[in-house]
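Asks: Output the structure for:
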Amino acid sequence: FPPSLQVFPSQDPLDRADFNAVEYINALFPTEQSLANIDEVVNKIRLKIRRLDDNIRTVVRGQTNVGQDGRQALEEAQKAIQQLFGKIKDIKDKAEKSEQMVKEITRDIKQLDHAKRHLTTSITTLNHLHMLAGGVDSLEAMTRRRQYGEVANLLQGVVNVLEHFNKYMGIPQIRQLSERVKAAQNELGQQILADFEEAFPSQGSKRTGGPSNVLRDACLVANVLDPRIKQEIIKKFIKQHLSEYLVLFQENQDVAWLDKIDRRYAWIKRQLVDYEEKYGRMFPAEWCMTERIAVEFCHVTRAELSKIMRTRAKEIEVKLLLFAIQRTTNFEGLLAKRFSGCTLADGTVKKPEVPPPSTNPFLEDETGTEADEIVMEKSDTDKPKKPKVPDNPFHGIVSKCFEPHLYVYIESQDKNLGELIDRFVADFKAQGPPKPNVDEGGAVLPSCADLFVYYKKCMVQCSQLSTGEPMIALTTIFQKYLREYAWKILSGNLPKTTSSSGGLTITSLLKEKEGSEVAKFTLEELCLICSILSTAEYCLATTQQLEEKLKEKVDASLMERINLTGEMDTFSIVISNSIQLLVQDLDAACDPALTAMSKMQWQNVEHVGDQSPYVTSVILHIKQNVPIIRDNLASTRKYFTQFCIKFANSFIPKFINHLFKCKPISMVGAEQLLLDTHSLKMVLLDLPSIGSQVVRKAPASYTKIVVKGMTRAEMILKVVMAPHEPPVVFVDNYIKLLADCSTDTFQKILDMKGLKRSEQSSMLDLFRLRLPAPPPGGDSAGSLSLSAPTPEQESSRIRKLEKLIKKRL
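Replies: A predicted model of the protein is given here:
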């Protein structure tokens with residue numbers, strides 16, 4: 001639309017951009033009769049033309065003076081801007097004059113301010129100088145009179161005042177006063193050390209001196225002096241205080257050996273009590289002298305114990321070593337309760353970082369006794385527990401010396417675990433396999449829990465001794481006996497499969513009665529296999545938890561060396577072998593029935609009846625074995641599902657192979673086999689819940705395998721039942737139903753139909769010609785349609801058979 005119509009919308013056709021005069025006239029005079037009003041219409045249009053001319057004339061006249069008015073308005077705006085600029089300039093000039101006037105007024109005031117500030121600084125400096133000079137004189141006099149109480153307060157003040165003169169050290173008088181202060185400090189340090197040496201002589205084991213007010217004040221002065229003076233006082237006092245300990249517990253003394261380690265800790269406890277009574281008030285509290293004495297005692301004890309254990313290493317036994325470690329860790333715990341650890345390392349205690357909450361199900365509170373059992377219940381596996389945070393800064397301060405000798409402990413645990421595994425083996429042989437108890441499900445072997453409880457005890461005990469290389473050595477021992485348990489207790493007790501010497505004959509199968517045939521494994525053996533499977537699963541889960549716990553106990557730098565994946569794989573192998581045994585047992589029990597099926601004279605079957613005896617035999621074995629296995633694997637449902645899947649993958653191909661051996665087959669025989677196949681399919685679909693009061697839907701993965709495999713068997717029989725004339729229809733029907741491009745399979749179908757070799761040869765040639773081009777990368781067997789419709793070429797006998805099957809269902 002033109003801009004005019006956008007601003008002033010109009011419905012008049014004359015205002016439209018696409019105005020058509022012919023159409024407009026036709027709209028005004030649509031018929032010949034309307035031409036009678038042509039004069040009236042012409043007058044209206046003329047009137048509109050005159051109005052438009054008047055409007056145009058008015059607008060043109062109105063625009064005549066617009067240019068002149070615009071120029072006048074612009075001139076007036078320029079004049080107003082010039083006037084405004086002049087006013088702004090006047091204001092700026094006045095502001096500059098005002099500023100200059102203010103500067104002149106305040107110049108004298110600024111000079112006075114500077115003079116006041118300088119005068120104040122000078123007076124303050126003179127006062128500090130007077131204080132410094134007087135303080136230095138008083139400090140020297142008090143030092144000579146050993147008035148340490150007054151010196152402690154005065155010296156700190158003098159040092160603080162002297163700091164104000166650091167920028168005036170170029171002045172000789174100031175530098176001289178600073179040197180006098182340093183000399184007084186050195187003299188005080190030497191004098192205080194001499195006083196302590198006189199009060200606590202280093203020679204001899206007897207302390208001839210004692211606490212005094214002079215020494216207490218001297219310690220206050222030492223706080224202000226060079227820190228080396230304080231350290232020297234502390235070092236000499238502690239060394240003199242522990243001199244008796246070095247004499248009493250020399251290496252050649254009986255009390256120095258590990259069996260009397262309690263006496264060492266009893267001695268230091270008495271000494272600390274004696275110190276608190278005699279010298280507790282002499283040293284400032286912030287010196288933490290009691291803790292320093294205890295820490296130095298620990299360092300000395302660790303060095304002495306290390307030396308004597310190296311000398312008498314052959315005399316160290318496990319019980320003696322554990323006794324010494326236990327007493328030492330108890331003493332370290334006592335120190336942690338009594339002291340803060342502020343004197344350790346660099347004088348500060350690093351607060352241990354609290355690790356984030358862990359979801360490790362192996363974690364539990366370890367503050368109880370060593371006999372606490374590992375929480376392995378599945379109900380607790382989803383409860384995250386907060387890991388224990390080490391809060392003992394004194395841990396290892398003495399007990400670190402035992403770490404080089406922990407190989408004795410590791411060797412002992414190796415021996416004990418070996419004996420434990422041997423006892424498990426002997427107990428299993430003596431007690432026999434666990435009694436079948438299908439009501440409670442497969443039970444975990446009790447020896448498994450005993451093994452991991454012992455592992456927990458060893459792990460906690462070793463982590464208290466060391467979190468370094470000994471933990472790695474203990475992990476290696478754990479790995480060794482996890483493997484031994486898997487092979488000796490679990491795999492070693494799995495029932496052995498034996499080949500059956502005989503089988504069922506065709507006649508016996510046809511006349512077989514219920515219960516006349518049993519599986520190769522007895523009820524006790526089946527329960528044993530399920531129990532071993534459940535135990536292996538328990539060990540697998542617990543070993544994973546054990547690995548996580550070991551990584552938390554060991555030093556961070558050694559975590560990568562802890563790996564129990566191999567042991568977990570071993571238990572997985574045991575689980576796989578157990579499932580395979582159960583599958584082989586049930587599979588072997590069904591073999592005679594399938595053999596009998598393949599040896600029956602199917603061309604002589606005259607009528608279709610109920611399911612064949614071999615089907616009844618297979619169903620009987622399934623009903624005997626599967627409920628027992630399901631009930632004993634109630635706690636490990638996923639492995640029962642694996643058993644079902646593996647059995648289906650084993651039985652169905654074997655059934656199809658035996659189906660190919662049934663040759664030749666008559667039309668009635670094929671109908672009977674199709675009925676039998678459908679019966680087996682229904683039983684296999686119901687396999688996971690067969691014989692159970694609780695009907696549970698089978699897993700989709702299992703159902704898919706059964707449907708796919710048994711549908712293939714049904715399609716094979718349907719192809720066999722189809723007439724082979726005309727050959728083209730038969731071949732197309734085969735390709736459509738089986739979607740199998742293998743000539744071997746087609747050959748087997750022809751053998752089942754009982755065709756002659758000459759007929760088979762022509763059929764095979766036709767089959768090769770009719771084969772469709774295989775899809776790239778496709779699997780012909782995988783393209784099998786499980787719900788293929790019945791082709792039109794199927795005979796009426798096939799439809800009758802389907803009706804019979806539906807009637808039976």
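
Asks: what about stretch 692-706, start to end distance?
Replies: Stretch 692-706 has an end-to-end distance of 20 Å (CA to CA, to the nearest Å).

Asks: for the record, mean pLDDT for that stretch?
Replies: The pLDDT scores in stretch 692-706 average 86.

Asks: Tell me the buried residues in that stretch?
Replies: Ala698, Pro699, Tyr702, Thr703, Ile705, Val706 (16 or more other CB atoms under 10 Å). For the C-beta atoms, the positions are set from N, CA and C on the backbone; glycine is no exception.

Asks: mind listing the helices for the stretch 401-550 of the chain?
Replies: Using DSSP state H, counting those that start in this stretch, the helices of the stretch 401-550 of the chain run over 407-431, 446-465, 469-484, 506-510, 523-553.

Asks: which one among the buried residues of stretch 692-706 gets closest to Asn26?
Replies: Closest approach to Asn26 among these (CB to CB): Thr703, at 78.7 Å.

Asks: ok, the closest one - contacts?
Replies: By CB atoms under 8 Å, 6 or more residues apart in numbering, Thr703 lies in contact with Leu685.

Asks: since we're on Lys230, how many residues are nearby?
Replies: 20 (other CB atoms under 10 Å).

Asks: Give me the spatial nearest neighbour of it, chain neighbours excluded.
Replies: Ala222 (4.7 Å; CB to CB, 6 or more residues apart in numbering).

Asks: ok, that neighbour to Val273 distance?
Replies: 25 Å (CB to CB, to the nearest Å).

Asks: Have a look at the two and say which one is more surrounded.
Replies: Ala222 (27 against 11).

Asks: Now for the more buried one, which secondary structure element holds it?
Replies: Element membership for Ala222 (DSSP states H and E) is helix 213-224.

Asks: So Asp732 lies in a helix, does it not?
Replies: Yes - under DSSP: H, G, I helix; E, B strand; the rest coil, Asp732 sits within a helix.

Asks: and it, what does it touch?
Replies: Arg770.

Asks: do you know how far it is from Phe767?
Replies: Note on Asp732: its distance to Phe767, by CB to CB, is 10 Å.

Asks: Give me the secondary structure label for Asp765.
Replies: When the rule is three-state DSSP, Asp765 gets the label helix.

Asks: For the chain, name the helix or strand with the lowest mean pLDDT.
Replies: Taking mean pLDDT, DSSP states H and E as the measure, helix 506-510 is the helix or strand of the chain with the lowest mean score, a mean of 37.

Asks: so where's the longest helix in the chain?
Replies: Taking DSSP state H as the criterion, the chain has its longest helix at helix 66-145.

Asks: could you check the angle helix 213-224 makes with it?
Replies: 150 degrees (axes from the mean of the first three to the mean of the last three CA atoms, to 10 degrees).

Asks: what's the spacing between stretch 179-199 and its chain's center?
Replies: Put simply, stretch 179-199 sits 62 Å off its chain's centre (CA atoms, centre = their mean, to the nearest Å).

Asks: Can you list the buried residues in that stretch?
Replies: Buried-residue list, stretch 179-199, by 16+ other CB under 10 Å: Arg180, Val181, Ala184, Gln185, Leu188, Gly189, Ile192, Leu193, Asp195, Phe196, Ala199.

Asks: Show the average pLDDT along it.
Replies: 73.

Asks: thinking again about what came up before, for the longest helix of the chain, packing partners?
Replies: helix 148-163, helix 172-199 (3 or more CB pairs under 8 Å, 6 or more residues apart in numbering; DSSP states H and E).

Asks: Which strands and helices lie in contact with the longest one?
Replies: Applying 3+ CB pairs under 8 Å, 6+ apart, one finds that helix 172-199 makes contact with helix 66-145, helix 148-163, helix 213-224, helix 227-241.

Asks: Distance of Thr636 relative to Ala700?
Replies: 20 Å.

Asks: any low-confidence regions in the stretch 651-800 of the chain?
Replies: Where the stretch 651-800 of the chain drops to pLDDT under 70, the residues are 773-800.

Asks: what about whatever helix or strand Cys590 lives in, distance to the chain center?
Replies: Using DSSP H and E, Cys590 sits in helix 565-599. Its chain's C-alpha centre and that of helix 565-599 lie 35 Å apart, by CA atoms, centre = their mean.

Asks: Stretch 661-680 now?
Replies: On CA atoms, centre = their mean, the centre of stretch 661-680 falls 55 Å from the chain's centre.

Asks: tell me which residues in the helix holding Cys590 are buried?
Replies: So helix 565-599, judged by 16+ other CB under 10 Å, has buried residues 567-568, 570-571, 574-575, 577-598.

Asks: do stretch 218-231 as well
Replies: Result for stretch 218-231 [16+ other CB under 10 Å]: buried residues Ala218, Cys219, Leu220, Val221, Ala222, Val224, Leu225, Ile229, Lys230.

Asks: do the same with stretch 767-774
Replies: Phe767.

Asks: Show me which of the helices of the stretch 401-550 of the chain has the highest average neighbour count.
Replies: helix 523-553 (a mean of 22; mean count of other CB atoms under 10 Å).

Asks: Could you give the average pLDDT over that one?
Replies: On average, helix 523-553 scores 91.

Asks: do the same with stretch 78-97
Replies: Stretch 78-97 shows a mean pLDDT of 90.

Asks: again with stretch 310-328
Replies: For stretch 310-328, the mean per-residue pLDDT is 86.

Asks: Check which residues of it are buried.
Replies: Those would be Ile316, Leu321, Leu322, Ala324, Ile325, Arg327, Thr328, for stretch 310-328 by 16+ other CB under 10 Å.
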